[in-house]
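**Student:** would you be able to build a 3D model of this:
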Amino acid sequence: MNETQELVRQRTLVSKGRRASAAKVSWHELTLAAVLILSAFLNLFRLTSEGYGITYYAAAVKDMLTSWHNFFFVSFDAGFVSVDKPPLGLWIQAASAKLLGFSSLSLLLPQALAGIFCVALLYYLVRRAFGPLAGLVAALALATAPIFVATSRNNTMDMLLVLSMLLAAWAFIHAAESGQLCWLLVGAVIVGLGFNIKMLEAFLVLPAFYLLYLVAAPLTLRRRFVHIGIATLMLLVVSLSWVVVVDLTPTDQRPYVGSSTDNTVTNLILHYNGLDRLWGISFRAGEAMPAGKLGGPGLGTKQNGEPGPFRLLNHQYAGQIGWLLPLAVVGLLAAGWQRRLRLPLDRRHQALVLWGTWFLTAAAYFSVAGGQHRYYTVMLTPAVAALVGAGLVELWSDYRNSGRSGWLLPLALVGTAALQAHILISYEGWSPILTPLILGLCFIAAVVLVILPLESKPKVGRYAAVATAVGILALLIAPTVWASYQVFQGPREADPLAGPPSSQNTQGDLTGGNAPGGGQVPFGGGNPSEAPPSDDAAGDAFGRSVADPALMNYLLANQGDSKYLVAAARSSSADLIILSTDEPVISLGGYTGLDPVFTKKQLATLVNEGAVRFFLIPDNQHMNCKRVPRELWQSSTREQGEGPSTKAQALYDCSAGRR
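**Tutor:** Below is the predicted model of the structure:
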């Protein structure tokens, strides 16, 4: 009987221990679930209010669904010119549209889901090095990062790129810990796939990945370099696989490579999506053009501010990415000096090499690049969030040890709050509300941390933990508000952009989804060096969802037996027409309006054969065809709030020129 009772007692103790262990695990799991629910809400709620996002890419996906030829070559129009990006991200969107039907939801959903997966994956990567608390803070910081949420709710492919880079980080971490070449090759393949989403943007993280393997892999230095060389070969094979196929395809059997100067993807990589992005200058038509002029990539200092070490904290960038930058920097320093550096590196130091190099490399690039868009900084968000999570845990550890470095935790909270107050100065309607709240909570938390004698009683330690939690949550108020603004208010422009407009430069915020190009017509007159006004028929104003109904009705009613509905000077004049009809459309000059897609002879042949009748070109140019009176094809209501006007466009009827 006693033996039976003892056995029951032991089983009861084991059962209680298991329940206690399960409860401990479930606390972190439940918190992670709450963070993921928050991320899902921010990414998915009212997602269709975003419209098509960047209509240039949306129109391309619609045309890609019309044939395998257009799908493979990522054609923007009816097979004549491609978009200015590689295929993988658009292929994923096309697959979603094929499965769910073409709609704004099917185009935006892949990026929204990718954002949620990024939050979960970052939690895992940070937790395995710094513990569950650091993982949860990192996940929450990422889920509420304004530019991260804005990019997750848009059809630009950057969020798919961020997910691929986090997956690559997972593979490189395992490679560094084990020294196994197979993991290194997996990481190289994933980075190569990322290259086929956004080209050279994927290589921003390569210094972090390579450095991690070189300093941490448990192999001889020579063998590490050999492995890196093999992985680089694999990376190049995967990265350039589609490029080689396209460039080797005869030019008369594929679309013109949009935004290239010599009809090759190689040129597109090195120039328009490469050096042009860094220098902010596009060398086209024999002359250098500043960013934002005649197809130059990005909008340069107008959108991004002057290059410099504090650029990410200016009023253009700070609201998107700058809220937690000081905490990330302090966290990196605190986590780095807490333990003595010894080889081989332990798991924490390996993680610091990865996230620190990722952060420093990307921050340096975005601080000097002249031709970027602000949403490219979403590449920084995983590193910033990871360093915030890891750094906070290390700052707390220093604080508990009661050394001189323990002062860093309250100072970091107050200093970051002060920076956020400085950022909020640019937002007159929000600063009076948020600044006192953030400063007040962080100041109270810092005072509590300063006066509490942590070593005296466990209860005092819990008070300090609560004060720290209040401080970090206070620092997440402004980013969460900025991330939520678009969810409830709707987007301010086609490009991903979070938060309300800055009172310092609201005009600079509204850049639109399609930068205007020159729109040179292969025949006819006009001055191609003069960019048309920005309020053109399908120009760069945001809020467009359908083309002018009067224009569509006129074109459809008078198309006759023409194969193509209309030939438009550039993509910003064609995208809404493509989205509003199932008829094939021609883009004469691609995204910039400067691509030599057609020769005069080729275009004249199309006209003479009756393949195309109507041409929509900038009003400052002319053609040797009949100009259609504006009242026949333009809605008067287009200038009264229903969308951008068409006063900067002219419609020509070339039916009289047929033989």
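
**Student:** need the contact list for Thr48.
**Tutor:** By C-beta atoms under 8 Å, 6 or more residues apart in numbering, Thr48 lies in contact with 103-105, 108. C-betas here are computed from N, CA, C, even on glycine.

**Student:** again, only this time at 6 Å
**Tutor:** Going by C-beta atoms under 6 Å, 6 or more residues apart in numbering, Thr48 touches 104-105.

**Student:** and for Leu588?
**Tutor:** Per C-beta under 6 Å, 6+ apart, neighbours of Leu588: 567, 569.

**Student:** most centrally placed residue in this structure?
**Tutor:** For the chain, the residue nearest the mean C-alpha position is Asp158 (3.4 Å; C-alpha atoms, centre = their mean).

**Student:** ranges for the strands of the stretch 151-300 of the chain?
**Tutor:** Remark: strands assigned in the stretch 151-300 of the chain by DSSP state E, counting those that start in this stretch are 281-284, 287-290.

**Student:** average pLDDT for the last one?
**Tutor:** Meaning strand 287-290. Strand 287-290 shows a mean pLDDT of 52 in the predicted model.

**Student:** helices of the stretch 101-250 of the chain, start to end?
**Tutor:** 104-130, 132-143, 146-152, 158-178, 181-198, 206-216, 221-248 (DSSP state H, counting those that start in this stretch).

**Student:** my guess is the residue nearest to the centre of the chain contacts Thr151, does it?
**Tutor:** Yes. Applying C-beta atoms under 6 Å, one finds Asp158 in contact with Thr151, separated by 5.2 Å.

**Student:** shared neighbours of those two, which are they?
**Tutor:** Between them, Asp158 and Thr151 share the contacting residues Val378, judged by C-beta under 6 Å, 6+ apart.

**Student:** these two touch, right, Asn267 and Ser260?
**Tutor:** Yes. Between Asn267 and Ser260 there is a contact under C-beta under 6 Å: 4.3 Å.

**Student:** looking at the two, which is more packed in?
**Tutor:** Taking neighbours as other C-beta atoms under 10 Å, Asn267 and Ser260 compare with Ser260 leading, 23 against 17.

**Student:** can you pull the phi/psi pair for the more buried one?
**Tutor:** phi -90, psi 160 (degrees, to the nearest 10).

**Student:** any idea whether Gly440 is helix, strand or coil?
**Tutor:** helix (DSSP: H, G, I helix; E, B strand; the rest coil).

**Student:** kindly report the same for the one 4 residues further on.
**Tutor:** The three-state label given to Ile444 by three-state DSSP is helix.

**Student:** tell me the pLDDT at it?
**Tutor:** Looking at Ile444, its pLDDT stands at 94.

**Student:** how near is it to Thr468?
**Tutor:** Separation of Ile444 from Thr468 (C-beta to C-beta, to the nearest Å): 12 Å.

**Student:** so who does the residue lying closest to Ser164 once chain neighbours are set aside touch?
**Tutor:** Take Ser164 and drop its neighbours on the chain: the residue closest to it by C-beta to C-beta, 6 or more residues apart in numbering is Gly194, 4.0 Å away. Contacts of Gly194 were listed using C-beta under 6 Å, 6+ apart, and they are 161, 164-165, 202.

**Student:** mind redoing it with 10 Å?
**Tutor:** 86, 88-89, 157, 160-165, 167-168, 201-205, 235, 238-239 (C-beta atoms under 10 Å, 6 or more residues apart in numbering).

**Student:** so Val162 touches Ala385, yeah?
**Tutor:** No. At 11.1 Å, Val162 does not count as touching Ala385 under the criterion of C-beta atoms under 10 Å.

**Student:** need the residues touching each of the two.
**Tutor:** 118, 122, 142, 148.

**Student:** confidence score at the last one?
**Tutor:** This means Phe148. In this model, Phe148 carries a pLDDT of 97.

**Student:** how about the third one?
**Tutor:** What the model reports as pLDDT for Leu142 is 97.

**Student:** if I look at the residue lying closest to it once chain neighbours are set aside, how far off is Leu206?
**Tutor:** Leaving aside its chain neighbours, Leu142 sits nearest to Ala385 (3.8 Å; criterion: C-beta to C-beta, 6+ apart). Per C-beta to C-beta, Ala385 is found 20 Å from Leu206.

**Student:** now Phe366
**Tutor:** Distance of Phe366 to Leu206, computed by C-beta to C-beta: 16 Å.

**Student:** Ile477 too?
**Tutor:** 35 Å.

**Student:** what do you get for Gly319?
**Tutor:** Distance, Gly319 to Leu206, by C-beta to C-beta: 29 Å.

**Student:** who has more neighbours out of those two?
**Tutor:** Set Gly319 next to Leu206 and count neighbours by other C-beta under 10 Å: Gly319 wins out with 28 against 20.

**Student:** my guess is the more buried one contacts His422, does it?
**Tutor:** No. Using C-beta under 10 Å, Gly319 is not in contact with His422, being 11.6 Å away.

**Student:** domains of this protein?
**Tutor:** What automatic domain parsing lists as the domains of the chain is 28-283+292-482, 525-657.

**Student:** quick one: closest of the ones you listed to Ser502.
**Tutor:** Of all those, it is domain 28-283+292-482 that lies closest to Ser502, at 4.5 Å by C-beta to C-beta.

**Student:** next one: the closest one to chain centre, how far?
**Tutor:** Here domain 28-283+292-482 shows a centroid-to-chain-centroid distance of 8 Å under the convention C-alpha atoms, centre = their mean, to the nearest Å.

**Student:** ok, the spatially closest residue to Arg254 that is not a sequence neighbour - how many residues close by?
**Tutor:** Computed as C-beta to C-beta, 6+ apart, the closest residue to Arg254 that is not its neighbour in sequence is Phe73, at 5.1 Å. Close neighbours of Phe73, defined as other C-beta under 10 Å, add up to 25.

**Student:** what of Val566?
**Tutor:** 27.
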